[in-house]
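**Student:** with the input below, show me the fold.
(chains A and B)
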Amino acid sequence: MDAILLQILNGLDKGSAYALIALGLTLIFGTLGVVNFAHGALFMIGAFCAVTLSRLLSLSFTTIDPERTDFLGNPLKVETPYVEAWFGPETGAAIIDWSVPLAILFSIPIMALVGLFMERGLIKYFYKRPHADQILVTFGLAIVLQEIIKYFYGANPIPTPAPDAFAGSLDFGVLIGLDPNLIIYPYWRIVYFVFAMAIIGAVFAFLQFTTFGMVVRAGMADRQTVGLLGINIDKRFTFMFALAAVVAGLAGVMYAPINSPNYHMGMDFLVLSFVVVVVGGMGSLPGAVLAGFLLGILESFASMAQVVALLPGINQIIIYLVAIVILLTRPRGLMGRKGVMES
Amino acid sequence: MSLIRKPLNRRSILRASAVGGAALATPTVFTSRAWSAGYLNEPTGSTVTLGFNVPQTGPYADEGADELRAYQLAVEHLNGGGDGGMMGTFSSKALKGNGILGKKVEYVTGDTQTKSDAARASAKSMIEKDGAIMITGGSSSGVAVAVQALCQEAGVIFMAGLTHSNDTTGKDKRANGFRHFFNSYMSGAALAPVLKNAYGDDRKAYHLTADYNWGYTTEQAVRESTEALGWETVETVKTPLAATDFSAYITPVLQSDADVLVLNHYGGNMVNSLTNAVQFGLRDKLVNGKQFEIIVPLYSRLMAKGAGENVKGIFGSTNWHWSLQDEGSKAFVKSFGQKYGFPPSQAAHTTYVQALLYADACERAGTFNPCGVVEALEGFEFDGLGNGKTLYRAEDHQCFKDVLVVKGKENPSSEFDLLEIVEVTPAEQVTYDPNHPQMAGGQLGTCNPGV
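**Tutor:** The predicted model follows:
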């Protein structure tokens, strides 16, 4: 029982990341009809927004400490962050400590601009091209973005810790009357799950309850008719691309403390997120979210030692296995519209 | 006019055959240019080309960049530039700072991408197109084993870079291949006594192991050495190499009754699994009345940097560390630090040393012929290169030297000062029989000069 509960909890944070990335992918596919293989790179750029802000806040000036020496025996250069000099050591340290949550605000304009540049500068030229062309160009773009990040930040993972207030873990088992140490769950992963739910809720509310969202939904259903009504649907779809980029970026920002960001983290999530979209139903936003959580939890279960002992290697193929079964039995996915992918 | 002054007869043919046979039968060790007969990529001009095969892209690119820096520094020193680095402290004095055997050292580079096929392709290109006489480098055992086999087939020397699996000089050893870096067995043998002192002999260990060759040999080495102390191994779980989130593997650990977690992971795997383990509060738990502990058998400073604060207080082993105070290490750190502005990693150290050892072997053999170099390196004892007295054992081409047991530093003074040396384990304690079960199988074979 406790093992099952534990794996459900484990699946939630990974599922949150899958759901957020898949949500963005579905928004782009549903509005622009583009299969965006660069979406994982947007997730990665989001994580590096957190790294960048952390570095900016840690920008330091150098003083020489003649009492101490560096590794070559020269007087030690002591780095003091400007924020500590300006606001005092305690406030300055707290600002640096909270760099990841602060990066949420920092990343929104950056990700929106990256999204706009991507869509206006490259992807719009591929709207009428076959999906294979779109996949090739966006995959190429993902590699370029990845290499740019590697050039500036190196290949090694960069630790980007959560604020000290969220360090440690919650003994979830004790809360529900089980023995201590049976079900533990890090505070930051709880934060990540709650954050993901809030973002998903906000995107749905935006599409459901605003006029802008209504037009976008109408455009997703019938682009030509909306265009004939005199509405510039292209402009709105470009906005949606930027919104999808922001969602992926925010998923990346908040993921940075869970696993130290590195330049290829986007690729690690991209393929799985595509499977999530297919399983959820191409173009279905609730499907993407549902499948994200479902596959995250399923992946956690498949990683259990008992399951791997029974079916060796199942942890590496479970998601693809589910995708195959879904494609064979229900090609439109769990919540896809009837007829999509079924012709 | 005939070039044959005397007519050939039975006696002259017999005489010529006898002289020729005697010359061939004379032990070649008596001749200074014993191996001057033809061999692959024999340098005929004023230069000699070495091939540096390091990961320039992919997950170990930073490690590869540090290896390349070290090679460039070695080339500079071999050609008489800079301050000479470890050439001044090296016990062998064959290197003169005029290149190798009077030929200026040049180099070409290849990108292994930490993929065996890519590494073989780049090594092959450097041998066939660029005429490299020796291939060196790499940051993974899979790559090392693949490139070593290629060099054996081609007939050039392979001086391995960072490769820690037992197999490189165990079941996959080759006559043309040499490893200076330590291995999984040595990590286990060095760590076990330190772990006993720190954590006692009544512990229950849970292993998470990267699902490939290096992971298996490291798990086996640490498991056997800790079980010999009296520890119990409660579970060993293989984790996919591509895994990035280890939470699903970490959470069952506490339910298993284990009080020690051994992370047989390297690179990004180690950074992520250790970060996850600390996030899940494992180190704050008391299990079986004991503080829960984590062990990382193979540490590197670059990895420790990736894991950040999570490495504090965690034991592991390493081949070399820049804070060592022997003359060789100090000379290397000074040369490297002045040229690049930061201290070298263990990957940089082992590759720099391998370049020097190869050059020295050529000088002592008096030839670049791989078979001469093999003969010069086999059983070669040296000192002054940072690890104390070292032996290149003839039976398996593995270096035997002191091994460092390190711990993540509690209060680092800089971004490089992440590990502290807990113990320098003497070479005798990590030396094993060439036929040890962990090294079982495989034959060294004979050297191949390529022609």
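**Student:** all strands for the stretch 151-300 of chain A, in order.
**Tutor:** A:169-171, A:184-186 (DSSP state E, counting those that start in this stretch).
**Student:** need the pLDDT of the one residue in the stretch 201-343 of chain A that gets nearest to chain B.
**Tutor:** In the stretch 201-343 of chain A, the residue that lies nearest chain B is residue A:303 (3.6 Å; CB to the nearest CB). Quick note: C-beta positions are derived from backbone N, CA and C, even for glycine. If you check residue A:303, the pLDDT there is 80.
**Student:** ok, now residue B:249?
**Tutor:** Listed pLDDT for residue B:249 reads 88.
**Student:** so what's it up against?
**Tutor:** Counting by CB atoms under 8 Å, 6 or more residues apart in numbering or on different chains, residue B:249 makes contact with A:303, B:208, B:237, B:239, B:243, B:273.
**Student:** how about residue B:190?
**Tutor:** Here residue B:190 is in contact with B:317, B:403, B:404, B:405, B:423, B:425, B:429, B:430 (criterion: CB under 8 Å, 6+ apart).
**Student:** picking that back up, okay, and which of the contacts of residue B:249 map to helices?
**Tutor:** Using DSSP state H, the subset of these located in helices is residue B:273.
**Student:** before we move on, back to that, quick one, what contacts the residue of the stretch 201-343 of chain A closest to chain B?
**Tutor:** Residue A:303 touches A:7, A:315, B:248, B:249, counting by CB under 8 Å, 6+ apart.
**Student:** same check, this time on residue B:175
**Tutor:** Contacts for residue B:175 were tallied using CB under 8 Å, 6+ apart; they are B:152, B:374, B:397, B:444, B:445, B:446, B:447, B:448.
**Student:** and the pLDDT for it?
**Tutor:** As predicted, residue B:175 sits at a pLDDT of 97.
**Student:** that one belongs to a strand?
**Tutor:** No. The assignment for residue B:175, made by DSSP: H, G, I helix; E, B strand; the rest coil, is coil rather than a strand.
**Student:** residue contacts, the closest residue to chain A within the stretch 351-451 of chain B?
**Tutor:** Residue nearest to chain A within the stretch 351-451 of chain B: residue B:416 (6.5 Å; CB to the nearest CB). When contacts are counted by CB under 8 Å, 6+ apart, residue B:416 touches A:71, B:301, B:322, B:342, B:343.
**Student:** leaving out chain neighbours, which residue sits closest to the fourth one?
**Tutor:** What it means is residue B:342. Counting by CB to CB, 6 or more residues apart in numbering or on different chains, residue B:342 lies nearest to residue B:416, which is 6.1 Å off, once chain neighbours are set aside.
**Student:** quick check: phi and psi on that neighbour?
**Tutor:** When read as degrees, to the nearest 10, the backbone of residue B:416 gives phi -100, psi -20.
**Student:** same question, residue A:94
**Tutor:** Torsion angles, degrees, to the nearest 10, at residue A:94: phi -70, psi -40.
**Student:** cool, the one 4 residues further on as well?
**Tutor:** When read as degrees, to the nearest 10, the backbone of residue A:98 gives phi -90, psi 20.
**Student:** I figured it was touching residue A:162, is that so?
**Tutor:** No. Residue A:98 is not in contact with residue A:162 according to CB atoms under 8 Å; the separation is 9.3 Å.
**Student:** so those two - more neighbours on which side?
**Tutor:** Per other CB atoms under 10 Å in any protein chain shown, whichever of residue A:98 and residue A:162 has more neighbours is residue A:162, with 23 against 17.
**Student:** identify the residues contacting the residue nearest to that one when sequence neighbours are not counted.
**Tutor:** Distances taken as CB to CB, 6+ apart place residue A:257 nearest to residue A:162, at 3.7 Å, with adjacent residues excluded. Going by CB under 8 Å, 6+ apart, residue A:257 touches A:100, A:160, A:161, A:162, A:166, A:188.
**Student:** for residue B:188, see how far away residue A:257 is.
**Tutor:** Taking CB to CB, to the nearest Å as the measure, residue A:257 and residue B:188 are separated by 33 Å.
**Student:** can I get the contacts of residue B:190 in a markdown table with distance to chain A, pLDDT and secondary structure?
**Tutor:** As requested, the contacts of residue B:190 are arranged in a markdown table below (distance: CB to the nearest CB, whole Å; pLDDT from 0 to 100; DSSP: H, G, I helix; E, B strand; the rest coil):
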| residue | distance to chain A | pLDDT | secondary structure |
| --- | --- | --- | --- |
| B:317 | 20 | 97 | strand |
| B:403 | 22 | 97 | strand |
| B:404 | 17 | 97 | strand |
| B:405 | 21 | 97 | strand |
| B:423 | 21 | 95 | strand |
| B:425 | 24 | 96 | strand |
| B:429 | 28 | 96 | helix |
| B:430 | 27 | 97 | helix |
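**Student:** of those, buried ones?
**Tutor:** B:317, B:403, B:404, B:405, B:423, B:425, B:430 (16 or more other CB atoms under 10 Å in any protein chain shown).
**Student:** OK, contacts around the last one?
**Tutor:** In other words, residue B:430. Residues in contact with residue B:430, defined by CB under 8 Å, 6+ apart, are B:182, B:185, B:186, B:189, B:190, B:400, B:403.
**Student:** grab the nearest non-local neighbour of it.
**Tutor:** Counting by CB to CB, 6+ apart, the residue nearest residue B:430 is residue B:186, at 4.0 Å.
**Student:** thinking that neighbour is in contact with residue B:404, fair?
**Tutor:** No. Using CB under 8 Å, residue B:186 is not in contact with residue B:404; the gap is 10.4 Å.
**Student:** what do the two both touch?
**Tutor:** With CB under 8 Å, 6+ apart as the test, residue B:186 and residue B:404 both reach residue B:317.
**Student:** still on that earlier bit, just the buried members of the contacts of residue B:430?
**Tutor:** B:182, B:185, B:186, B:189, B:190, B:400, B:403.
**Student:** out of the residues you listed, which two sit at the greatest distance?
**Tutor:** B:190 and B:400 (12.2 Å; CB to CB).
**Student:** would you map the helices across the stretch 51-200 of chain B?
**Tutor:** Ranges of helices in the stretch 51-200 of chain B, per DSSP state H, counting those that start in this stretch, are B:61-78, B:116-128, B:141-154, B:184-199.
**Student:** what residues of stretch B:256-264 count as buried?
**Tutor:** The neighbour-count check on stretch B:256-264 (16+ other CB under 10 Å) flags B:258, B:259, B:260, B:261, B:262, B:263, B:264 as buried.
**Student:** show me what the third one is bridged to.
**Tutor:** In other words, residue B:260. Using DSSP bridges, the bridge partners assigned to residue B:260 are residue B:205, residue B:293.
**Student:** got the contact list for it?
**Tutor:** Applying CB under 8 Å, 6+ apart, one finds that residue B:260 lies in contact with B:199, B:203, B:204, B:205, B:206, B:231, B:292, B:293, B:294, B:295.
**Student:** and these as a markdown table, adding pLDDT and neighbour count?
**Tutor:** A markdown table is the format used below for the contacts of residue B:260 (pLDDT from 0 to 100; neighbours: other CB atoms under 10 Å in any protein chain shown):
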| residue | pLDDT | neighbour count |
| --- | --- | --- |
| B:199 | 96 | 20 |
| B:203 | 96 | 22 |
| B:204 | 96 | 17 |
| B:205 | 97 | 23 |
| B:206 | 96 | 23 |
| B:231 | 96 | 24 |
| B:292 | 94 | 20 |
| B:293 | 96 | 20 |
| B:294 | 96 | 22 |
| B:295 | 97 | 22 |
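**Student:** no further queries at this time; thank you.
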